[in-house]
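[1] predicted model and sequence follow; I will ask about them next.
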Amino acid sequence: MKILITGASGFIGRYVVREAIARGHNVLALTRSNSANEPNLTPSVEWLQCDLGEDLPKLGGLGIDAVIHLAAGLSGSAEEQYRSTVMATSNLLNAMRQAGITRLVGISSIAVLDYVRMPALALLDENVEISDGCGMGTYAAMKLEQEKLFAKFAGEPGNRCVILRPGLVYDSERLIGAHAGIIKGPLRLIAAHEGGVPTVEVTGLSKAILNAFDQDVASGEVIHLVDDNLPSQQEYLAGLRRRGILPSHGISVPWRFLAGFAWLLWTLFRIAGQEARLPEVLLRQGFAARLKPFRYSNDKAKRLLGWVPTNRFS
């Protein structure tokens with residue numbers, strides 16, 4: 001079977017391409033940059049250069065049976081991320097419709113959940129409602145709009161679309177520091193709480209993505225992907241320090257105190273009409289998603305995908 005994989009040269013994409021090839025699939029790897037400059041992941045990979053945020057690719061006649069959509073904007077202005085995530089996804093889905101391609105694995109994010117309304121230390125699974133979009137950072141807001149596009153495609157007759165929501169993706173060198181605390185210049189307030197941090201190791205994630213493709217999963221299913229034995233906040237902070245991402249010094253502060261501090265700053269900025277200048281971690285939804293303690297379930301991924309997470313966090 002021939003799979004189009006978008007974002008194929010990215011951090012997650014490289015692992016997904018390798019896993020797809022290992023399972024005997026043919027891969028057409030889509031990337032925004034010149035394929036000649038991309039790492040030669042495997043000789044059997046075909047490369048397609050296209051900026052989905054600007055172009056509506058012609059997918060008919062390429063022999064594509066299905067799509068794994070990984071591409072998304074991770075940084076830049078709100079306009080840039082909208083183009084790279086929302087507009088790119090809209091263009092891709094329209095191209096799939098025109099070409100009659102009905103199978104899709106869409107990669108959303110666990111960041112779309114409504115963390116504000118959930119009590120601390122609640123168990124977060126697929127039954128938790130998504131956010132209404134208020135008080136979200138740019139990345140989460142764009143992923144929320146992207147997931148809505150996936151859901152619409154999944155509901156169209158004849159389509160089969162599985163929506164996956166990974167947690168923080170990491171390997172031995174890479175880990176996002178978003179859940180560490182309020183860190184801005186010399187201000188280093190490190191969050192202390194008793195919850196878990198929703199990490200997922202990238203090799204295991206790639207297997208789950210291909211399982212979602214290979215298994216007979218109903219269209220529209222939404223599945224969370226987090227590891228077993230999630231790290232505590234202290235283990236997560238230690239992992240950041242081992243990778244040189246978090247300075248060794250900082251003030252450890254209970255998360256509820258940080259919540260009050262963030263609310264005060266948010267109020268002052270709103271009164272001054274400067275709310276748009278706040279860092280994402282100080283927004284209501286952004287703070288709750290990153291620094292409010294929760295527990296996380298991967299039961300549905302194990303049940304529907306037959307997924308076995310690969311590693312314990314280190």
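    Good, I have the coordinates.
[2] could I get the full set of strands for the stretch 1-150 of the chain?
    2-6, 26-31, 46-49, 66-69, 103-107, 123-124 (DSSP state E, counting those that start in this stretch).
[3] same question but for the stretch 151-300 of the chain, I mixed them up
    Under DSSP E, counting those that start in this stretch, the stretch 151-300 of the chain gives strands at 160-166, 168-170, 181-184, 187-192, 199-201, 222-225, 251-254, 295-296.
[4] what packs against the second one?
    Packing partners of strand 168-170 (3 or more Cβ pairs under 8 Å, 6 or more residues apart in numbering; DSSP states H and E): strand 199-201, helix 202-214. In short, each C-beta sits where N, CA and C put it, glycine included.
[5] tell me which residues touch the residue nearest to Leu230 when sequence neighbours are not counted, please.
    In this structure, Leu230 finds its nearest non-sequential neighbour in Gly196, 3.7 Å apart by Cβ to Cβ, 6 or more residues apart in numbering. With contact set as Cβ atoms under 8 Å, 6 or more residues apart in numbering, Gly196 has these partners: Leu230, Pro231, Ser232, Pro293, Phe294, Arg295, Tyr296.
[6] bridged to the fifth one, which residues?
    It refers to Phe294. Beta-bridge partners recorded for Phe294 (DSSP bridges): Gly196.
[7] and of the contacts of Gly196, the nearest to Thr102?
    Tyr296 (31.2 Å; Cβ to Cβ).
[8] please name the residues that touch the closest one.
    Per Cβ under 8 Å, 6+ apart, neighbours of Tyr296: Ile110, Leu123, Leu124, Asp125, Gly167, Gly196, Pro198, His224, Val226, Leu230.
[9] what separation do you get for it and Leu258?
    Distance, Tyr296 to Leu258, by Cβ to Cβ, to the nearest Å: 20 Å.
[10] ok, now Ser33?
    39 Å.
[11] out of those two, which sits in the busier spot?
    The neighbour comparison of Ser33 against Leu258 (other Cβ atoms under 10 Å) goes to Leu258, with 22 against 11.
[12] residue contacts, the more buried one?
    Leu258 neighbours (Cβ under 8 Å, 6+ apart): Gly181, Ile182, Leu189, Ala191, Phe287, Leu291.
[13] give me the pLDDT for it.
    pLDDT for Leu258: 95.
[14] I figured Leu144 hits Leu113, correct?
    No - applying Cβ atoms under 8 Å, one finds Leu144 not in contact with Leu113, separated by 9.5 Å.
[15] of the two, who's got more company?
    Neighbour count, other Cβ under 10 Å: between Leu144 and Leu113, Leu113 has more, with 25 against 22.
[16] just the contacts of Leu258 now: which is nearest Gln81?
    Phe287 (19.8 Å).
[17] what about the closest residue to that closest one other than its chain neighbours, neighbour count?
    Distances taken as Cβ to Cβ, 6+ apart put Ala262 closest to Phe287, at 4.8 Å, once the chain neighbours are dropped. Residues contacting Ala262 under the criterion other Cβ under 10 Å number 23.
[18] who's in contact with Ala262?
    Ile182, Val281, Leu282, Phe287.
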